[in-house]
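Trainee: Predicted coordinates and the sequence they were generated for:
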Amino acid sequence: MHVVSEQHLSRVLGNLRAEQPRIVASGNAAAPATLLTAVDAAIPAYRLFMLNAPAGLLLRDGVIPETPFVGPGMRGHPLLAYTPCRLSLVPRLITTRLVPDVVVLNTTVPRDGVVSLGIEVNILLAAIEAAHDRGALVVAQLNRSMPYTYGDGQVPVADIDYAVEVDEPLRATTARPSDETHREIGARVASLVGEAATLQAGIGAVPDATLAALSGRTRLRVWTEMLSDGVMHLERAGALDGDHPLRTSFAAGSPELYDWIDRNRRLVFSRTEKVNDPARIARQPAMTSINTALQVDLFGQANASYVRDQIHSGFGGQTDFIVGALHATDGNAVVALASWHPKADVSTIVPALRAPATSFQQSYVVTEQGTAPLWGSSQHEQARALIEQAAHPDARDDLRRAAAEAHLL
């Protein structure tokens, strides 16, 4: 690893031979802002591949954003190249179809010849391996603000070609305060979580409210794609099993969360191929996946990806964890959402999805109105449960008519 100045690195990047190189960069809360600025200044035209890219990216003319999970920084971009893909398969995507010319990392400073990928392990090890296989560049910003984490994300400095020293604060995310609706949903979902269950919680106010509702439990385990403040609070409340590590792939949350993560050996950050592998998920005891959606239809299909016929996010890990949880002994896959969308002023339980489905065949759909059991029920029973136990009362008459027309009642 050569530690160089930003100016030196810019000259190296400017000498790339590819006409429109693909830059694969850390995403989520670990986006490497300093190096992305250097890339943008040095390369006239390139493709930028990131997961859940944050707001504020430099996406000028000549830059094509690529992703299988759209974040605020790429959402609505006219040239967005969205590639539908379950998160567990994104490493294969990077090693076969969307191979990097440059991998840009946000790491810790070295310790004993090793850097840590910190809060973002995810797909980055696959990207590094793909870069080595084709002789591509791996560059890193050695960030004094990056927490040191243990697990798969400890990378020998010999695997990095060039590095720049920085002290760049991590992006902090603030959880939206739970309202009465979220707390009611969280309580209902928490009632479905068995003793000593293994938890996966997705992103949003509903999963956060569910974790908060579990603070009085004991011996819970964690196997999740994303680590949030809610898991930290469960640990401090004594709700988690101290004999089992908390496994995750990336973290996003408050500065307090990042301080808690730093050098915390209770946490194991693993690559996506492990964390999101449905077969490994299925081996976790009483695996319970808790995710949200934008809409659920009377066939039990959930849309968590599209808004107004435009891609809003993507599959992410929802499908991986739903499949894994359904195959686990005593496992459950829960999709939870408010029954009414206040901004759009529409029901979130709909007759049939117009947008592509993100997932289907969950164990339960939960709203503040109640809990609709789906798995093991006939199609007619599913539709009836969704209408009578999950839909908002103002939507039920219309849903009953639609269900009758579709021969679901």
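Mentor: Structure's in. What do you need?
Trainee: And for V103, the neighbour number?
Mentor: Look at V103: counted by other C-beta atoms under 10 Å, it has 28 neighbours. C-beta here means a position set from N, CA and C on the backbone, and glycine is covered the same way.
Trainee: Beyond the host helix or strand of it, next helix or strand please.
Mentor: Using DSSP states H and E, V103 falls within strand 102-107. Next in sequence after strand 102-107, counting helices and strands by DSSP H and E, comes strand 114-116.
Trainee: Looking at the record's assignment, how would you partition this protein?
Mentor: 2-166, 180-405 (automatic domain parsing).
Trainee: can you pull the contacts of the residue lying closest to W340 once chain neighbours are set aside?
Mentor: Excluding its sequence neighbours, the residue lying closest to W340 (C-beta to C-beta, 6 or more residues apart in numbering) is H392, at 4.5 Å. Applying C-beta atoms under 8 Å, 6 or more residues apart in numbering to H392 gives the contacts 339-340, 347, 349, 367, 369.
Trainee: And for A209?
Mentor: Counting by C-beta under 8 Å, 6+ apart, A209 touches 178, 182-183, 185-187.
Trainee: same deal with A251?
Mentor: With C-beta under 8 Å, 6+ apart, A251 has these contacts: 29, 119-120, 226-228, 257-258, 261, 269.
Trainee: Let me know the next secondary structure element after the helix or strand where E256 lies.
Mentor: Counting by DSSP H and E, the element that carries E256 is helix 255-261. Under the assignment DSSP H and E, the closest C-terminal helix or strand after helix 255-261 is strand 267-269.
Trainee: and that next one, what does it pack onto?
Mentor: strand 246-248 (3 or more C-beta pairs under 8 Å, 6 or more residues apart in numbering; DSSP states H and E).
Trainee: can you list the residues that contact the strand it packs on?
Mentor: Outside strand 246-248, the residues touching it (C-beta under 8 Å, 6+ apart) are 151, 221-227, 231, 235, 240, 266-270, 275.
Trainee: Name the SS class of P78, please.
Mentor: coil (DSSP: H, G, I helix; E, B strand; the rest coil).
Trainee: What number of residues are in the vicinity of it?
Mentor: Using other C-beta under 10 Å: P78 sits among 6 other residues.
Trainee: Look up phi and psi at it.
Mentor: Here is the backbone geometry of P78 (degrees, to the nearest 10): phi -70, psi -20.
Trainee: and if you look at the one 5 residues further on?
Mentor: With angles defined as degrees, to the nearest 10, T83 shows backbone torsions of phi -110, psi 110.
Trainee: How far off centre is the strand or helix carrying L36?
Mentor: If you go by DSSP H and E, L36 is part of helix 33-42. Relative to its chain's centre, helix 33-42 lies at 25 Å (C-alpha atoms, centre = their mean, to the nearest Å).
Trainee: Any buried residues in that helix, and which?
Mentor: For helix 33-42, the neighbour count (16 or more other C-beta atoms under 10 Å) marks 33-36, 38-40, 42 as buried.
Trainee: can you list those in JSON lines and add pLDDT and distance to I23?
Mentor: Below are the buried residues of helix 33-42 laid out as JSON lines (pLDDT from 0 to 100; distance: C-beta to C-beta, whole Å):
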{"residue": "A33", "pLDDT": "97", "distance to I23": "14"}
{"residue": "T34", "pLDDT": "97", "distance to I23": "14"}
{"residue": "L35", "pLDDT": "97", "distance to I23": "9"}
{"residue": "L36", "pLDDT": "97", "distance to I23": "8"}
{"residue": "A38", "pLDDT": "96", "distance to I23": "11"}
{"residue": "V39", "pLDDT": "97", "distance to I23": "6"}
{"residue": "D40", "pLDDT": "96", "distance to I23": "9"}
{"residue": "A42", "pLDDT": "96", "distance to I23": "11"}
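Trainee: outside of the strand holding V103, which residues touch it?
Mentor: Applying C-beta under 8 Å, 6+ apart, the contact partners of strand 102-107 are 13, 16, 21-26, 30-32, 35-36, 39, 115-118, 120, 124, 127-128, 130-131, 136-143, 146, 155, 160, 163, 168.
Trainee: And stretch 325-332, by the same measure?
Mentor: Outside stretch 325-332, the residues touching it (C-beta under 8 Å, 6+ apart) are 192-194, 197-198, 200, 278-279, 281-289, 324, 333, 361, 363-364, 375.
Trainee: which among the contacts of A209 gets closest to T67?
Mentor: Nearest to T67 among those is H182, at 27.9 Å by C-beta to C-beta.
Trainee: how about the closest one, secondary structure?
Mentor: helix.
Trainee: The residue lying closest to it once chain neighbours are set aside sits in which helix or strand?
Mentor: In this structure, H182 finds its nearest non-sequential neighbour in A209, 4.2 Å apart by C-beta to C-beta, 6+ apart. Using DSSP H and E, the element containing A209 is helix 205-213.
Trainee: Mind giving me the packing neighbours of the helix or strand following that helix?
Mentor: Using DSSP H and E, the next helix or strand after helix 205-213 towards the C-terminus is strand 221-222. Packing partners of strand 221-222 (3+ C-beta pairs under 8 Å, 6+ apart): strand 198-201, strand 246-248.
Trainee: Mind putting those into CSV with distance to Y46, mean pLDDT and mean neighbour count?
Mentor: Listed next are those as CSV, based on distance: least, C-beta to C-beta, whole Å; pLDDT from 0 to 100; neighbours: other C-beta atoms under 10 Å:
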stretch, distance to Y46, mean pLDDT, mean neighbour count
strand 198-201, 34, 96, 28
strand 246-248, 30, 98, 23
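Trainee: part of a helix, is V12?
Mentor: Yes: judged by three-state DSSP, V12 forms part of a helix.
Trainee: how many other residues sit next to it?
Mentor: Neighbours of V12 (other C-beta under 10 Å): 17.
Trainee: repeat for L59
Mentor: 18.
Trainee: any idea how far the closest residue in space to P393 that isn't next to it in sequence is from N276?
Mentor: Take P393 and drop its neighbours on the chain: the residue closest to it by C-beta to C-beta, 6+ apart is Q369, 7.5 Å away. Q369 is 31 Å from N276, where distance means C-beta to C-beta, to the nearest Å.
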